[in-house]
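Asker: below are the sequence and a predicted model; questions follow.
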Amino acid sequence: MARAKMYPEEKRMTTRTDFTKSKTIENRLSPQEVDRFKKAAKDLCEVFLVYVLLYTGMRVSEVVHMKLSWVNFDRGIITIPESQPCRCQECKAALYNRKGKMTKPADTWKPKTSSSARVIPVVPEVEDVLKSFFSKHKVVMDVVPSRGSAYHTLKVVARRAGIKHPVFPHALRGTFATMLAVKKFGVFELKDALGWKTIAPAEFYVRLAGEEMKQVFKEKW
């Protein structure tokens with residue numbers, strides 16, 4: 001019997017333009033929380049997830065499917081491929097668009113969009129963590145078998161750090177985007193670093209960082 005076609009979730013077919021309602025924005029980490037969060041990570045798995053999600057802007061699915069082959073330490077880059085073979089439960093089924101065209105073959109992992117296949121510079125904060133992790137493991141999924149396990153690990157570390165609001169992978173991605181905006185990265189640089197399809201979310205983070213900086217200046221003045 002032929003397998004029924006599985007279609008992507010509706011939200012993956014729509015374009016989100018109102019970023020202000022996202023829980024990601026509300027749950028970004030402050031600089032003080034970032035410090036506490038990093039200090040609360042104990043074993044190699046926790047340290048890897050915390051630092052990679054904080055300092056690369058990678059989506060949780062990208063991190064879970066990451067391999068040593070993605071990292072070029074000589075050039076200091078992480079290359080997220082357009083696709084790779086994968087037999088995990090998440091990647092088992094083929095995906096189709098509304099017109100019935102296959103967008104992902106079975107037993108294949110692909111990043112969220114074509115723009116998500118990108119090159120990410122390895123910043124100093126994460127370089128030693130990557131070297132330490134990949135000296136022991138070649139595939140992240142051997143240690144972090146699913147997105148659910150990544151969420152759980154972050155929750156445990158956040159509780160240990162005394163952070164009261166939810167901490168989840170996309171909140172760390174938003175934290176990274178804010179870090180870049182504060183450091184005066186331009187909208188196109190943010191778009192490329194985060195793997196967004198358009199500059200709309202990058203423009204939002206640049207505006208948001210400016211408003212937050214003005215508020216901090218006003219309070220301290």
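Answerer: Yes, it's here.

Asker: what mean pLDDT does stretch 174-191 get?
Answerer: Averaging pLDDT along stretch 174-191 yields 91.

Asker: quick one: distance of that stretch to the chain centre.
Answerer: Chain-centre distance of stretch 174-191: 14 Å, with C-alpha atoms, centre = their mean, to the nearest Å.

Asker: go through it and flag the buried ones.
Answerer: 174-182, 185, 187, 190-191 (16 or more other C-beta atoms under 10 Å). C-betas here are computed from N, CA, C, even on glycine.

Asker: closest to Ala94 out of the residues you listed?
Answerer: Using C-beta to C-beta, Lys191 is the member of these that lies nearest Ala94, at 29.1 Å.

Asker: please verify my assumption that the closest one contacts Phe204.
Answerer: No. Applying C-beta atoms under 8 Å as the test, Lys191 and Phe204 come out as separate, 11.3 Å apart.

Asker: quickly list what's touching both of the two.
Answerer: Common neighbours of Lys191 and Phe204, using C-beta atoms under 8 Å, 6 or more residues apart in numbering, do not exist here.

Asker: strands of this structure, start to end?
Answerer: Listed in chain order, the strands of the chain (DSSP state E) span residues 71-72, 77-79, 84-85, 95-96, 102-104, 108-109, 119-121.

Asker: so which residues of the chain form helices?
Answerer: 23-26, 31-40, 44-56, 60-64, 124-134, 147-161, 169-182, 187-194, 200-220 (DSSP state H).

Asker: so for Thr103, which of these sits nearest?
Answerer: Of the helices of the chain, nearest to Thr103 by C-beta to C-beta is helix 60-64, at 14.9 Å.

Asker: what is the rounded mean pLDDT of the closest one?
Answerer: The model assigns helix 60-64 a mean pLDDT of 97.

Asker: so who does Pro81 touch?
Answerer: By C-beta under 8 Å, 6+ apart, Pro81 lies in contact with 70, 111, 117.

Asker: closest one to Arg75 among the helices of the chain?
Answerer: Checked against C-beta to C-beta, the stretch from the helices of the chain lying closest is helix 124-134, at 11.9 Å.

Asker: ok, back up a step: pick out whichever of the contacts of Pro81 sits closest to Val63.
Answerer: Nearest to Val63, judged by C-beta to C-beta, of the contacts of Pro81 is Trp70 at 10.2 Å.
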